[in-house]
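S.K.: structure of the sequence below:
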Amino acid sequence: MGPPRNHIQSGLETTGGFNDGGQCLHLRATGRGDNGANKVRATLAAGLSANQTATIRAKVRWLKGFPEILLRLKGGYLEATGP
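M.R.: Numbering: from 1, shown residues only. So this is what the prediction gives:
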């Protein structure tokens, strides 16, 4: 038996994205999670080149639990944290 499928009700929405109001991923956690790293993985639309400037951002609203977020590219090359 594997871990609970905590983000099963998440999905892509056609509005609500930054700036242009385009697509966004709406995460819905239906369980408590665990004391390890709860994560969601996604593929970038285009890769990044060395020394390229990039931006990571999210609009986050906590309903319960510990209100901190970490956004990171695989390998830790670009990350953003915050309450």
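
S.K.: CA atoms for contacts and neighbours, from now on please.
M.R.: Noted.

S.K.: what residues are up against residue 29?
M.R.: 6, 7, 8, 9, 10 (CA atoms under 8 Å, 6 or more residues apart in numbering).

S.K.: figure out the helix or strand that the first one lives in.
M.R.: Right, residue 6. Under the criterion DSSP states H and E, no helix or strand holds residue 6.

S.K.: that one touches residue 31, doesn't it?
M.R.: Yes - at 5.2 Å, residue 6 counts as touching residue 31 under the criterion of CA atoms under 8 Å.

S.K.: wasn't residue 19 part of a helix?
M.R.: Yes - judged by DSSP: H, G, I helix; E, B strand; the rest coil, residue 19 forms part of a helix.

S.K.: for it, give me the pLDDT.
M.R.: Per-residue pLDDT puts residue 19 at 77.

S.K.: just for this structure, where's the confidence low?
M.R.: 1-5, 32-38 (pLDDT under 70).

S.K.: one more pass at 90, please.
M.R.: 1-12, 15-83 (pLDDT under 90).

S.K.: A strand includes residue 49, no?
M.R.: No - per three-state DSSP, residue 49 lies outside any strand segment and is coil.

S.K.: contacting residues for it?
M.R.: Residue 49 neighbours (CA under 8 Å, 6+ apart): none.

S.K.: kindly report the same for the one 5 residues further on.
M.R.: Residues near residue 54 by CA under 8 Å, 6+ apart: residue 48.

S.K.: gap between it and residue 79?
M.R.: Relative to residue 79, residue 54 is positioned 10 Å away (criterion: CA to CA, to the nearest Å).

S.K.: for residue 9, same thing?
M.R.: 25 Å.

S.K.: same deal with residue 24?
M.R.: 19 Å.

S.K.: same question, residue 20
M.R.: Counting by CA to CA - residue 20 and residue 79 are separated by 23 Å.
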